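Peer 1: following is a predicted model, sequence given first.
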Amino acid sequence: MSQFPQDLDAEFQPVGERQMSGLAIGSIVCSLVCCVPGLPAIGALLGIASAVTISSNPQRKGMGLAIAAIIIGASITALQAWGGYQLYQFGQRLVDSIEEAPRQVFEPVNANDPDAFRDAFHGPGATASDDEVQAFIEAVQDRYGAYRSHQLDDTRGAAQPGMGDESFVQAYVVEFEHATVEADVEIIMADPNTGQFVFKPGAVRIIDPDRDDLEFPPGGYQPAGAATP
């Protein structure tokens, strides 16, 4: 007489409904919150952890959410890292241009090198005539001698470039061989026609209360703190 296996009833017992993994839900939520730096990366890591947990526990579901969290979190993290790097590069170039602008302008004056002087500028200064360049170089050398050093002039207000500004004007104190004077340098961040970042001087003015101010290119400077048209 045949006998049914003792565990037959157990084999036909209804299986309980699989439960959604809370870890998978948390991972996709974190991955989608792209406005918080680092949170998508946490979402991707939680997605990996939830995928491992689900694969080893048949009573859990949510593998699709876990995989989506990994892909979305990793993609957004990569974009955030790229954006952060670009922002850092922009900030570094801005700081360098502010610190070095007078040196870029006046060292070619010391060398009496019209071509290098023109190359220091972007815009009208870069295409100024030989007579305009030579006149400025000779005037600086005759009045003040050789360029020595410079520093930011915080007494006249620090430059505060606004969002969307293509240029701004920074105030300096410049030390020459025979005098220390105030000077303004317009720094062009982006070419108004192409939108490309340039970070080069656009114009310079040496403020001379005893004689006429020296400007290059002629009429091309803006007073410190003024908006560039």
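Peer 2: Received, thanks.
Peer 1: what packs against the helix or strand Tyr85 falls within?
Peer 2: Taking DSSP states H and E as the definition, one finds Tyr85 inside helix 63-110. Other elements packing on helix 63-110 under the criterion 3 or more CB pairs under 8 Å, 6 or more residues apart in numbering; DSSP states H and E are helix 22-32, helix 39-55, helix 114-119, helix 130-144, strand 147-152, strand 167-176, strand 180-190, strand 197-207. For the C-beta atoms, the positions are set from N, CA and C on the backbone; glycine is no exception.
Peer 1: quick check: angle from the second one to helix 22-32?
Peer 2: The directions of helix 39-55 and helix 22-32 differ by 160 degrees, with axes from the mean of the first three to the mean of the last three CA atoms, to 10 degrees as the criterion.
Peer 1: what lines up beside the following helix or strand past helix 39-55 in the sheet?
Peer 2: Past helix 39-55, further along toward the C-terminus, the next helix or strand under DSSP H and E is strand 60-61. According to DSSP bridges, the neighbouring strands of strand 60-61, each with its direction, are strand 19-20 (parallel).
Peer 1: distance to Phe216 for the helices and strands packed on helix 63-110 - can I get that in TSV?
Peer 2: Below are the helices and strands packed on helix 63-110 laid out as TSV (distance: least, CB to CB, whole Å):
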stretch	distance to Phe216
helix 22-32	53
helix 39-55	49
helix 114-119	9
helix 130-144	4
strand 147-152	14
strand 167-176	14
strand 180-190	10
strand 197-207	5
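Peer 1: to Ile70, which of the ones you listed lies closest?
Peer 2: In terms of CB to CB, the element of the helices and strands packed on helix 63-110 nearest to Ile70 is helix 39-55, at 3.9 Å.
Peer 1: residues making contact with the closest one?
Peer 2: For helix 39-55, the surrounding residues in contact (CB atoms under 8 Å, 6 or more residues apart in numbering) are 21, 23-24, 26-34, 60-63, 65-70, 72-74, 76-77, 80.
Peer 1: rewinding a little: out of the helices and strands packed on helix 63-110, nearest to Glu107?
Peer 2: Judged by CB to CB, the one of the helices and strands packed on helix 63-110 that comes nearest to Glu107 is strand 147-152, at 6.4 Å.
Peer 1: enumerate every residue touching Pro201.
Peer 2: With CB under 8 Å, 6+ apart, Pro201 has these contacts: Ala101, Gln104, Val105, Ala120, Phe121, His122, Gly125, Val185, Glu186, Ile187, Ile188.
Peer 1: nearest to Val133 among those?
Peer 2: Gly125 (8.8 Å).
Peer 1: isn't that closest one up against Arg118?
Peer 2: Yes. Counting by CB atoms under 8 Å, Gly125 does reach Arg118; the two are 7.0 Å apart.
Peer 1: circling back to that earlier point, tabulate the helices and strands packed on helix 63-110 in JSON lines, adding columns for distance to Glu215 and mean pLDDT.
Peer 2: As requested, the helices and strands packed on helix 63-110 are exported to JSON lines (distance: least, CB to CB, whole Å; pLDDT from 0 to 100):
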{"stretch": "helix 22-32", "distance to Glu215": "54", "mean pLDDT": "92"}
{"stretch": "helix 39-55", "distance to Glu215": "51", "mean pLDDT": "93"}
{"stretch": "helix 114-119", "distance to Glu215": "14", "mean pLDDT": "95"}
{"stretch": "helix 130-144", "distance to Glu215": "8", "mean pLDDT": "95"}
{"stretch": "strand 147-152", "distance to Glu215": "17", "mean pLDDT": "95"}
{"stretch": "strand 167-176", "distance to Glu215": "12", "mean pLDDT": "93"}
{"stretch": "strand 180-190", "distance to Glu215": "9", "mean pLDDT": "94"}
{"stretch": "strand 197-207", "distance to Glu215": "5", "mean pLDDT": "94"}
